[in-house]
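Peer 1: Dropping a prediction and its sequence here:
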Amino acid sequence: MKSFVSGKKINQGYYKSFQPNLINKDWTIDDMTVINLLSKADRQLGRLDTFSQYVNIDLFISMHIVKEATQSTKIEGTQTNMEEAFLQKEDLALDKRDDWEEVHNYIHAMKTAVNELENLPISSRLIKKTHKTLISGVRGEHKLPGEYRKSQNWIGGATINDATFVPPVHTSVDELMSDLEKFANDDFNVLPDLLKIAIIHYQFETIHPFLDGNGRIGRLLIPIYLVSKGILKQPILYLSDFFEKHRSLYYDNLMRVRTHNDLTQWFKFFLTGVIETAKIGVETFDGILKLQKDLEEKLLTHKGNTDDARKIISSLYENPITDAQKVEKVIEKSYGSAYKQIAILENLKIIREITGLQRGKIYVFDDYLKLFKK
């Protein structure tokens with residue numbers, strides 16, 4: 001690590017771009033602090049993956065993805081929260097719909113990428129396909145969805161002359177991304193996977209291969225890589241929440257690799273994020289198990305059949321926002337029966353009405369949603 005050199009600045013006439021060195025090579029880790037953090041991160045990831053097997057992960061995975069989508073897009077400036085993400089587009093004010101669409105594109109991109117792992121490795125083809133899903137039909141849709149850039153871009157500053165960072169010239173993007181792809185799929189490279197994905201994320205953000213959406217794709221790569229390597233069975237570890245909470249440190253540590261060749265500090269920050277995020281994930285799953293027990297006790301206090309109420313609750317684990325029409329479909333009964341079941345769940349304080357309207361009422365599964373908002 002002491003001999004690591006991130007790259008160099010190249011004079012392009014009236015500006016200088018940063019040309020990163022290739023990463024597909026042998027690495028030697030000699031910092032005991034990094035090795036210690038790596039050990040802790042591996043243990044926490046193992047706990048998270050094991051704990052996830054105690055719950056029906058297919059029910060709860062949508063909540064994890066929505067949380068990641070709202071936090072990752074928030075870093076880019078959107079303001080959609082988790083409750084709004086679960087609403088229908090037409091239920092939102094007009095000025096919130098663009099942000100909602102970006103969040104839903106992110107959700108779709110994540111699900112598509114995970115599904116594509118059955119057929120594709122981490123590769124330019126997968127990354128481009130995911131990028132096309134991410135920015136098609138939203139702000140940035142005119143910036144070559146699914147294609148690497150064919151011009152110079154920059155980060156920060158009104159012009160390239162006062163930019164915070166200028167990525168490599170576009171003519172080197174294909175070579176750099178090919179190198180990243182080889183590194184991601186080199187199973188003979190003995191570097192631990194958590195350090196590999198830390199390097200991949202850094203290198204991707206440094207290359208900045210697209211005209212728009214680089215931050216979101218770079219963050220998507222983390223859970224996708226962990227699933228592709230079998231470290232996690234489902235994409236249940238998302239670092240965007242950690243990056244958002246420590247946004248300045250996130251950008252500073254990435255930049256420090258480029259300016260001071262300090263990859264060690266980036267490793268420490270990244271692994272700390274994995275440890276903290278995995279711990280929160282375990283707490284969330286533990287909270288879900290306790291909530292399920294509490295709900296069962298509440299249902300037992302109701303004098304009458306609760307089969308339909310249980311069906312509704314099961315649907316709320318996938319989407320904690322509901323209304324009479326959704327309930328009607330879930331229980332496959334009349335509109336009146338749907339409202340009767342809603343009244344039961346309201347009286348048991350399992351759901352809460354959030355609009356205050358007489359018509360078009362919307363209900364939220366509060367206690368469940370709060371588990372993902374800690």
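Peer 2: Sure thing, it's come through.
Peer 1: Neighbours of Arg247, how many?
Peer 2: For Arg247, the neighbour count with other C-beta atoms under 10 Å is 12. Every C-beta, even on glycine, is put in place using the N, C-alpha and C of the backbone.
Peer 1: Same question for Gln12.
Peer 2: Using other C-beta under 10 Å, Gln12 is surrounded by 12 other residues.
Peer 1: In this structure, where is pLDDT below threshold?
Peer 2: 1, 140 (pLDDT under 70).
Peer 1: Report the residue ranges of every domain in it.
Peer 2: Segmentation of the chain into domains, based on automatic domain parsing, reads 7-283, 301-371.
Peer 1: Leaving aside the residues adjacent along the chain, what's closest to the residue most central in space within the chain?
Peer 2: By C-alpha atoms, centre = their mean, the chain has its centre lying nearest to Glu68, at 3.5 Å. Leaving aside its chain neighbours, Glu68 sits nearest to Tyr238 (3.7 Å; criterion: C-beta to C-beta, 6 or more residues apart in numbering).
Peer 1: Wait, that neighbour touches Ala278, no?
Peer 2: No - look at Tyr238 against Ala278 with C-beta atoms under 8 Å: they stay out of range, at 10.5 Å.
Peer 1: I'd like to know which elements the top helix by length along the chain is packed against.
Peer 2: Ranked by residue count and defined by DSSP state H, the top helix of the chain is helix 263-300. The contact analysis (3 or more C-beta pairs under 8 Å, 6 or more residues apart in numbering; DSSP states H and E) places helix 263-300 against helix 32-51, helix 193-207, helix 240-245, helix 247-260, helix 307-318, helix 366-371.
Peer 1: so which helix or strand takes in the residue lying farthest from the centre of the chain?
Peer 2: For the chain, the residue at maximal distance from the C-alpha centroid (C-alpha atoms, centre = their mean) is Lys303, at 42.2 Å. For Lys303, there is no host helix or strand (DSSP states H and E).
Peer 1: ok so, going back, can you pull the buried residues of the longest helix of the chain?
Peer 2: 263-278, 280-282, 284-285, 287-288, 291, 295, 298-299 (16 or more other C-beta atoms under 10 Å).
Peer 1: Tell me what angle it forms with helix 307-318.
Peer 2: Orientation of helix 263-300 against helix 307-318 (axes from the mean of the first three to the mean of the last three C-alpha atoms, to 10 degrees) gives an angle of 170 degrees.
Peer 1: Quick one: work out the angle between helix 263-300 and helix 247-260.
Peer 2: Relative orientation of helix 263-300 versus helix 247-260 (the same axes, to 10 degrees): 160 degrees.
Peer 1: Mind listing residues that contact stretch 299-316?
Peer 2: Applying C-beta atoms under 8 Å, 6 or more residues apart in numbering, the contact partners of stretch 299-316 are 59, 295, 322, 326-327, 330-331, 333, 337, 341, 344-345, 348, 350-351, 365, 368.
Peer 1: Quick one: end-to-end distance for that stretch.
Peer 2: End-to-end distance for stretch 299-316: 15 Å, by C-alpha to C-alpha, to the nearest Å.
Peer 1: Give me the buried stretch members for it, please.
Peer 2: In stretch 299-316, counting by 16+ other C-beta under 10 Å, buried: Leu299, Thr306, Asp308, Ala309, Ile312, Ile313, Ser315, Leu316.
Peer 1: Do I have it right that Ala69 meets Met110?
Peer 2: Yes - assessed by C-beta under 8 Å, Ala69 is found in contact with Met110 at 7.0 Å.
Peer 1: just the domains of the chain: most buried one?
Peer 2: domain 7-283 (a mean of 18; mean count of other C-beta atoms under 10 Å).
Peer 1: Endpoints of that domain, how far apart?
Peer 2: The stretch domain 7-283 measures 40 Å between its terminal residues, going by C-alpha to C-alpha.
Peer 1: same check, this time on stretch 4-20
Peer 2: By C-alpha to C-alpha, the extent of stretch 4-20 from end to end equals 11 Å.
Peer 1: so Lys373, which of the three states?
Peer 2: coil (DSSP: H, G, I helix; E, B strand; the rest coil).
Peer 1: what about it, how many neighbours?
Peer 2: Look at Lys373: counted by other C-beta under 10 Å, it has 11 neighbours.
Peer 1: Identify all contacting residues around stretch 138-151.
Peer 2: 98, 101-102, 105, 124, 128-129, 131-132, 134-136, 170, 173-174, 177, 208-213.
Peer 1: Run through the helices of the stretch 101-250 of the chain in chain order.
Peer 2: For the stretch 101-250 of the chain, the helices defined by DSSP state H, counting those that start in this stretch occupy 124-135, 173-184, 193-207, 214-228, 240-245, 247-260.
Peer 1: quick one: contacts for the residue nearest to the centre of the chain?
Peer 2: Glu68 is in contact with Tyr106, Met110, Arg219, Pro223, Pro235, Tyr238, Ser240, Asp241, counting by C-beta under 8 Å, 6+ apart.
Peer 1: And those residues, which is closest to Tyr14?
Peer 2: Arg219 (32.1 Å; C-beta to C-beta).
Peer 1: In this structure that closest one contacts Phe243, no?
Peer 2: Yes - using C-beta under 8 Å, Arg219 is in contact with Phe243, at 7.0 Å.
Peer 1: anything in contact with each of those two?
Peer 2: Counting by C-beta under 8 Å, 6+ apart, the common neighbours of Arg219 and Phe243 are Ile75.
Peer 1: still on that earlier bit, of all the helices and strands packed on helix 263-300, which one comes closest to Met82?
Peer 2: Smallest distance to Met82 across the helices and strands packed on helix 263-300 (C-beta to C-beta): 6.4 Å, for helix 366-371.
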